[in-house]
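> pasting the structure only:
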Ligand code: GDD
Ligand code: MG
């Protein structure tokens, strides 16, 4: 039996200002709440018991996932009164683990989409005899992550969370947010106060001589921390670039949920998903975008790399590129919105109000 802890709390769990009522792990990616993909991948890797460590709007997880039996899992939920940080959250759920002191326990950041070979990470952990093993990914710009240099044998030599100076950028290997902890190491994390596993636990373990092992894996990897990344991740799930057994349907250029209504001449490409009861009008062109449930896309709209919130409406001929339209928002006809724009939930933008190109 393999157990896992999934970290889904903290301050950044809401996809602000997109879906003020929905914590990020529950926003649909490729048609199902994002968390479903992580749970299904863990299950496929042989995990059967998962504890969700949460601190925020916890009550939205349990009604949807219940005891986990629908996914073949035994799920438990632990809610922090105040966010305890990543390490504090891990320690806080320790009493729910059944593993013995030397058993491996998997831990996942809850906002990562990855093709990681989970059993390979556990194997590496068992063969290297490490106290903690970390999945590492190589990225071009590591500044937003935890830097993890290793020696020739993969042993971790330092852990530098969010480096501030150029001198600190000593590697392009980053902490990809999946760990295997020896169970007894979890019990050494202090209780009753916030602890950052990245800023406190890992550096302390290293300075006390513990064995941290890194496994660099160049598989698909994406942190869904920004709405743009979320849109990208959803499209990659639809396209099959990001592997998940939870995509409801066959992977391909588009995913249209059975209750959606798409005009025959609308063009959906590049991993676009159209959610439950959403409507797409004649001649609309939607590329690399996520149209959430109950949204309405009027005829002739052209939407690229955008997120259209639940119940939102995009007017006729409106052009959206890299836009985030909040739940219930209405963008009138003949607008043009470009990269980075976010329309608040329930906001109304009148027809012909914004454009970037010339008036002709
Ligand atoms: N339960 C709980 N309580 N969970 C938390 C808390 C908390 O207080 N704080 C954060 N989390 C969860 C988040 O929900 C997320 O799933 C995960 O822990 C990581 O937190 P983020 O806030 O997303 O951190 P980050 O993306 O800036 O950095 C982390 O992930 C990077 C990879 O994406 C770090 O682990 C970096 O080292 C890493 O490179
Ligand atoms: Mg993150």
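Good, I have the coordinates. Everything numeric here is computed off the predicted structure, so don't read it as measured data. Numbers count the residues shown, from 1 in each chain. Ligands and ions are numbered 1, 2, ... in the order given.
> Return the residues of the chain in contact with ligand 1.
By Cβ under 6 Å from any ligand atom, the residues of the chain that approach ligand 1 are 7-10, 12-13, 53-55, 80, 83-86, 89, 109-112, 145-146, 161, 174-175, 177, 198, 223, 225. Where C-beta positions appear, they are placed from N, C-alpha and C, glycine not excepted.
> Of these, which belong to helices?
If you go by DSSP state H, the residues of the chain next to ligand 1 have 85, 86, 89 in helices.
> Could you export those residues as JSON lines, including pLDDT, neighbour count and distance to ligand 2?
Formatted as JSON lines, these follow (pLDDT from 0 to 100; neighbours: other Cβ atoms under 10 Å; distance: Cβ to the ion, whole Å):
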{"residue": "85", "pLDDT": "96", "neighbour count": "25", "distance to ligand 2": "13"}
{"residue": "86", "pLDDT": "97", "neighbour count": "26", "distance to ligand 2": "10"}
{"residue": "89", "pLDDT": "97", "neighbour count": "28", "distance to ligand 2": "14"}
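> Of these, just say which sits nearest to residue 68.
Nearest to residue 68 among these: residue 89, at 18.8 Å, using Cβ to Cβ.
> hang on, the closest one packs against residue 6?
No: contact criterion Cβ atoms under 8 Å: residue 89 and residue 6 do not qualify, at 9.8 Å.
> Do any residues in the top strand by length along the chain lie close to ligand 2?
Looking across the chain with DSSP state E, the single longest strand is strand 173-182. No: Strand 173-182 stays clear of ligand 2 (Cβ under 5 Å from the ion), getting no nearer than 6.8 Å.
> Average pLDDT for that strand, rounded please.
For strand 173-182, the mean per-residue pLDDT is 98.
> any common contacting residues for residue 89 and residue 6?
residue 53 (Cβ atoms under 8 Å, 6 or more residues apart in numbering).
> What subset of the residues of the chain next to ligand 1 is buried?
7-10, 13, 53-55, 80, 83-86, 89, 109-112, 145-146, 161, 174-175, 177, 198, 223 (16 or more other Cβ atoms under 10 Å).
> Now, the residues you listed that are in strands?
Counting by DSSP E, these place 7, 53, 54, 109, 112, 146, 161, 174, 175, 177, 223 in strands.
> from those, which single one is nearest residue 248?
The closest of those to residue 248 turns out to be residue 112 (Cβ to Cβ; 20.5 Å).
> which non-adjacent residue is nearest the closest one?
Spatial nearest neighbour of residue 112, excluding adjacent residues (Cβ to Cβ, 6 or more residues apart in numbering): residue 177 at 4.6 Å.
> show me the contacts for that neighbour.
108, 109, 111, 112, 135, 223.
> among the residues you listed, which two are most distant?
Using Cβ to Cβ, the contacts of residue 177 reach their maximum pairwise distance at 111 and 135, which is 14.3 Å.
> Quick check: the residue lying closest to residue 60 once chain neighbours are set aside vs residue 34, distance?
Take residue 60 and drop its neighbours on the chain: the residue closest to it by Cβ to Cβ, 6+ apart is residue 26, 5.4 Å away. According to Cβ to Cβ, to the nearest Å, residue 26 and residue 34 sit 7 Å apart.
> mind listing the helices for the stretch 201-350 of the chain?
202-207, 227-239 (DSSP state H, counting those that start in this stretch).
> Output the residue of the stretch 51-200 of the chain whose distance to ligand 1 is smallest.
Residue of the stretch 51-200 of the chain nearest ligand 1, by Cβ to the nearest ligand atom: residue 146 (2.5 Å).
> For that residue, which residues count as its bridge partners?
residue 161 (DSSP bridges).
> Let me see the confidence value for it.
pLDDT, residue 146: 97.
> go on, residue 251?
Confidence at residue 251, expressed as pLDDT, is 87.
> okay, the helices of the stretch 201-350 of the chain, which one's buried deepest?
Of all the helices of the stretch 201-350 of the chain, helix 227-239 has the most neighbours on average by mean count of other Cβ atoms under 10 Å, namely a mean of 23.
> tell me which strands and helices that helix is in contact with?
On a contact count with 3 or more Cβ pairs under 8 Å, 6 or more residues apart in numbering; DSSP states H and E, helix 227-239 meets strand 28-29, helix 34-44, strand 112-114, strand 221-223, strand 272-274, strand 290-291, strand 307-308.
> got TSV for these, with mean pLDDT and distance to ligand 2 too?
Listed next are these as TSV, based on pLDDT from 0 to 100; distance: least, Cβ to the ion, whole Å:
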stretch	mean pLDDT	distance to ligand 2
strand 28-29	94	15
helix 34-44	97	12
strand 112-114	96	7
strand 221-223	95	5
strand 272-274	98	22
strand 290-291	98	19
strand 307-308	96	17
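> Which residues of the stretch 51-200 of the chain lie near ligand 2?
Residues of the stretch 51-200 of the chain found near ligand 2 (Cβ under 5 Å from the ion) are residue 111.
> and the one residue in the stretch 51-200 of the chain that gets nearest to ligand 2, what does it touch?
When scored by Cβ to the ion, the stretch 51-200 of the chain has residue 111 as its residue closest to ligand 2, at 4.4 Å. Residue 111 makes contact with 12, 24, 25, 34, 177, 223, 224, 225, according to Cβ under 8 Å, 6+ apart.
> ok, now with 10 Å
By Cβ atoms under 10 Å, 6 or more residues apart in numbering, the contact set of residue 111 is 7-8, 10, 12-13, 15, 24-25, 34-35, 38, 177, 222-225, 229-230, 233.
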